[in-house]
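Undergrad: quick one, structure for this:
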Amino acid sequence: MQILYAVPIACLRLIGLFGMLAVMWVDGVLHMPHTTLERAHWQQKWAHHVLRFLRCRVDVRGAVPPRGLIAANHISYVDVLVLASLRPCVFVAKSEVRRWPLIGTLCARCGVLFLDRTSMRAAAAANRIIADALRTGMTVVVFPEGTTSAGNTMLPLHAALFQSALDCDQPIIPAWITYSEDERERIAYYGDATLFPHLLQLMRLRGMQATVQFRTTGIPAMHRAQASQMCRTVWEQMMDHALGRQQNAAA
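TA: So this is what the prediction gives:
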């Protein structure tokens, strides 16, 4: 009976979520942000609204970096909302996201930089745009794995994404995102998952607890391959700490 009851409630919540995204779209048309900073502030405002709707609490460990390149692991599209809520920032996303119905349009309105990783020319152009944003003092967020995972492992990192920060001498700050263990399995959006069924699954959750760990200072890398390896080392430490904390809590 509880499952039968949860399905219509989840459907109603999903309708409510799409209604909120529609209002967000209208707000973006009526109060269109123009500059990169305005888009970042607009994005932060709506990230707070959506997280409140999802009943998602965010716990931060370490200081949120005021500038530089945040290199974060990637579990779900929820990660974007979590990081966007912490400070005005610019995201780099794979080009496929631009084609998602409504969400792609909203991401473009937020100033997301879409990266075509199949094109070396496009990647080089994206790195120049990222470097320009970093030079203005903006915080830029990248997901070096290039796609999502289950959150208890790491994929190979794309070292090219670190080049922009090295080019303009801006700090590279590793960050690790995790969710409580029972929630993470349902929040993780990877593999063969498709958007609508996953959203419906997300709506069945009564709440979420996200934790973001930041390295205190930038990693002292001299070139992008070194930056990739250092970031991976820091992530391994953060992941072990996060998973160990969850196991202790469960015990």
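Undergrad: where are the low-confidence patches of this protein?
TA: Residues of the chain meeting the criterion pLDDT under 70: 1-7, 102, 117-119, 122, 245-251.
Undergrad: now do the strands in it.
TA: Shown for the chain, the strands assigned by DSSP state E span residues 56-61, 68-72, 89-94, 113-115, 139-142, 172-179, 208-214.
Undergrad: for these, which one sits closest to residue 162?
TA: Taking CB to CB, strand 172-179 is the member of those nearest to residue 162, at 5.9 Å. Heads up, the C-betas are built off the backbone N, CA and C, glycines and all.
Undergrad: quick one: list the elements packing against that closest one.
TA: Using 3 or more CB pairs under 8 Å, 6 or more residues apart in numbering; DSSP states H and E, the elements in contact with strand 172-179 are strand 68-72, helix 78-84, strand 208-214, helix 224-250.
Undergrad: tell me the most buried of these?
TA: Of all the helices and strands packed on strand 172-179, strand 68-72 carries the top mean neighbour count, a mean of 26, counting by mean count of other CB atoms under 10 Å.
Undergrad: just want the angle from that strand to strand 208-214.
TA: 130 degrees (axes from the mean of the first three to the mean of the last three CA atoms, to 10 degrees).
Undergrad: partner strands of strand 68-72 and their direction?
TA: Using DSSP bridges, strand 68-72 pairs in its sheet with strand 139-142 (parallel), strand 172-179 (parallel).
Undergrad: in TSV: the strands of the chain, plus distance to residue 39.
TA: Output for those, formatted as TSV (distance: least, CB to CB, whole Å):
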stretch	distance to residue 39
strand 56-61	21
strand 68-72	17
strand 89-94	8
strand 113-115	11
strand 139-142	13
strand 172-179	21
strand 208-214	21
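Undergrad: before we move on, the earlier item: just the strands paired with strand 68-72: most buried one?
TA: strand 172-179 (a mean of 25).
Undergrad: from the chain's centre, how far out is stretch 196-211? Work that out for me.
TA: Relative to its chain's centre, stretch 196-211 lies at 15 Å (CA atoms, centre = their mean, to the nearest Å).
Undergrad: I'd like the strands paired with strand 68-72 as TSV, with distance to residue 66 appended.
TA: Formatted as TSV, the strands paired with strand 68-72 follow (distance: least, CB to CB, whole Å):
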stretch	distance to residue 66
strand 139-142	7
strand 172-179	10
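Undergrad: tell me how many other residues surround the nearest residue to residue 68 once chain neighbours are set aside.
TA: Distances taken as CB to CB, 6 or more residues apart in numbering place residue 171 nearest to residue 68, at 3.7 Å, with adjacent residues excluded. Counted with other CB atoms under 10 Å, the neighbours of residue 171 add up to 17.
Undergrad: state the phi and psi torsions of residue 171.
TA: Backbone geometry at residue 171, expressed as degrees, to the nearest 10, gives phi -70, psi 150.
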